[in-house]
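J.: sequence and predicted structure are below.
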Amino acid sequence: MAAPMGHHVAAMPAEEEEKEEAGPGSWEPSGAAPYGNFPHYSRFHPPEPRIGLLPVGLLQSLFPAQGSVPRPLLGLDVGCNSGELSIALYRHLTAPPAAGTGLGPAPDLHLLCCDIDAGLVERARRACPFPGALSFVPLDIMDPTAREPVLASFLARHGRPAFDLGFCMSLTMWVHLHHGDAGLRALLALLASLCRFLLVEPQPWRCYRAAARRLRRLGRRDFDHFRSLGIRGDMAQNVAQILTGELGMELHSCFGTTPWDRSLLLFRAAP
Ligand SMILES: C[S@@+](CC[C@H](N)C(=O)[O-])C[C@H]1O[C@@H](n2cnc3c(N)ncnc32)[C@H](O)[C@@H]1O
């Protein structure tokens with residue numbers, strides 16, 4: 001049974017992510033969420049403990065104002081689920097600074113949020129209190145034919161060649177399990193090529209084992225790539241190694257770890 005929003009988070013093992021039970025309206029009758037498309041993900045891993053790790057005034061410090069009319073920033077949130085984290089990120093990052101902090105106003109932010117599960121995207125759209133600033137689209141980010149027009153038209157609409165900030169929150173494991181080592185590398189390469197800054201919350205290896213166990217318990221076939229993955233072990237380090245060693249990004253900050261023991265890592269494209 002899902003924990004109520006915001007309760008028992010610190011005591012909850014990371015494996016809970018893979019244990020969510022099927023309920024009315026769940027993704028499919030067996031309760032399987034093979035892409036991490038849990039219908040109530042934010043009850044297990046709510047936004048607040050993650051948002052709380054991000055410094056106040058983050059956008060102002062990453063993107064110091066240039067010129068008298070600051071241009072809006074563009075963000076890409078991949079694997080947005082039903083939008084709770086995207087909305088919380090937007091609120092946090094654009095909150096007016098408290099008096100006395102010396103921070104200027106936060107820049108405008110436009111977020112393109114996508115998820116492979118169209119039902120979750122529809123829920124996100126309906127619940128979003130900032131429809132002018134957040135766009136939710138159904139999209140498999142690993143499908144080049146589908147993603148190119150979506151990304152290109154968003155960027156063209158804003159007259160920009162790339163995103164200022166990307167969010168890849170609790171997504172890496174699902175892409176890795178479905179697309180293998182090459183898929184994980186391709187996802188990170190795509191995001192590194194699209195985003196000046198990239199915030200990543202990789203799932204640790206024990207979540208992979210729990211996800212595979214869960215599938216077996218449901219009588220499903222194993223993830224195509226689970227047994228053959230060569231990238232394993234310390235996943236935060238592996239992801240950082242790929243982004244910095246192979247893809248030329250720099251580690252900008254480690255904002256700490258969530259109560260469910262996932263690192264929040266910010267990378268930036270090399271100047
Ligand atoms: C575990 S949830 C994380 C949700 C949210 N990012 C968070 O951290 O609260 C992972 C999400 O990634 C989505 N996802 C998995 N593979 C994807 C893909 N190839 N393209 C887009 N979304 C994907 C799933 O549907 C799911 O909603």
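T.: Done, it's in. What you see is a predicted model; the values in this text were computed from it and never measured. Numbers count the residues shown, from 1 in each chain.

J.: quick one, helices of the stretch 51-200 of the chain?
T.: With helices called from DSSP state H, counting those that start in this stretch, the stretch 51-200 of the chain shows them at 58-62, 84-94, 118-127, 144-157, 172-194.

J.: save these as TSV, and put in mean neighbour count too.
T.: Placement of C-beta: from N, CA and C, glycine included. Shown next, in TSV, are the helices of the stretch 51-200 of the chain (neighbours: other Cβ atoms under 10 Å):
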stretch	mean neighbour count
helix 58-62	19
helix 84-94	21
helix 118-127	17
helix 144-157	13
helix 172-194	20
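
J.: put together JSON lines for those helices, with mean pLDDT on each row.
T.: JSON lines is the format used below for these (pLDDT from 0 to 100):
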{"stretch": "helix 58-62", "mean pLDDT": "94"}
{"stretch": "helix 84-94", "mean pLDDT": "97"}
{"stretch": "helix 118-127", "mean pLDDT": "98"}
{"stretch": "helix 144-157", "mean pLDDT": "98"}
{"stretch": "helix 172-194", "mean pLDDT": "98"}
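
J.: just so I know, which of those lies nearest residue 166?
T.: Of all these, helix 172-194 sits nearest to residue 166, with 5.0 Å by Cβ to Cβ.

J.: could you list every helix and strand in contact with that closest one?
T.: strand 73-78, strand 163-169, strand 195-201, helix 205-217, helix 235-241 (3 or more Cβ pairs under 8 Å, 6 or more residues apart in numbering; DSSP states H and E).

J.: buried stuff in stretch 42-57?
T.: With burial defined by 16 or more other Cβ atoms under 10 Å, the residues of stretch 42-57 counted as buried are 42-47, 49-50, 53-54, 57.

J.: could you do stretch 191-204 as well?
T.: 191-192, 194-204.

J.: from those, which two are the most distant?
T.: Spanning the widest gap among the buried residues of stretch 191-204 are 196 and 204, at 26.7 Å by Cβ to Cβ.

J.: contact partners for the residue in the chain that the ligand sits nearest to?
T.: Across the chain, no residue is closer to the ligand than residue 79, which sits at 2.7 Å (Cβ to the nearest ligand atom). Taking Cβ atoms under 8 Å, 6 or more residues apart in numbering as the criterion, residue 79 is in contact with 36, 114-116, 141, 168-171, 174.

J.: swap the cut-off to 6 Å and go again
T.: 115, 171 (Cβ atoms under 6 Å, 6 or more residues apart in numbering).

J.: ditto for the one 4 residues further on
T.: Neighbour list for residue 83: 124, 128 [criterion: Cβ under 6 Å, 6+ apart].

J.: and for the one 10 residues further on?
T.: By Cβ under 6 Å, 6+ apart, the residues touching residue 93 are 59, 109.

J.: so how far is residue 134 from it?
T.: 12 Å (Cβ to Cβ, to the nearest Å).

J.: likewise residue 169?
T.: 15 Å.

J.: quick one: the strands in the stretch 1-150 of the chain?
T.: 73-78, 109-115, 134-138 (DSSP state E, counting those that start in this stretch).

J.: who's in contact with the second one?
T.: For strand 109-115, contacts defined as Cβ under 6 Å, 6+ apart pick out 72-81, 86, 90, 93-94, 121, 133-137, 139, 154.

J.: try it again with 7 Å
T.: When contacts are defined by Cβ atoms under 7 Å, 6 or more residues apart in numbering, strand 109-115 is touched by residues 59, 72-81, 83, 86, 90, 93-94, 121, 124, 133-139, 141, 154, 158.

J.: low pLDDT regions in the stretch 1-150 of the chain?
T.: 1-31, 67-69 (pLDDT under 70).

J.: residues from it in reach of the ligand?
T.: 35-37, 41-42, 45, 78-81, 85, 114-117, 120, 139-142 (Cβ under 6 Å from any ligand atom).

J.: just give the nearest non-adjacent residue to residue 155, would you?
T.: residue 161 (6.5 Å; Cβ to Cβ, 6 or more residues apart in numbering).
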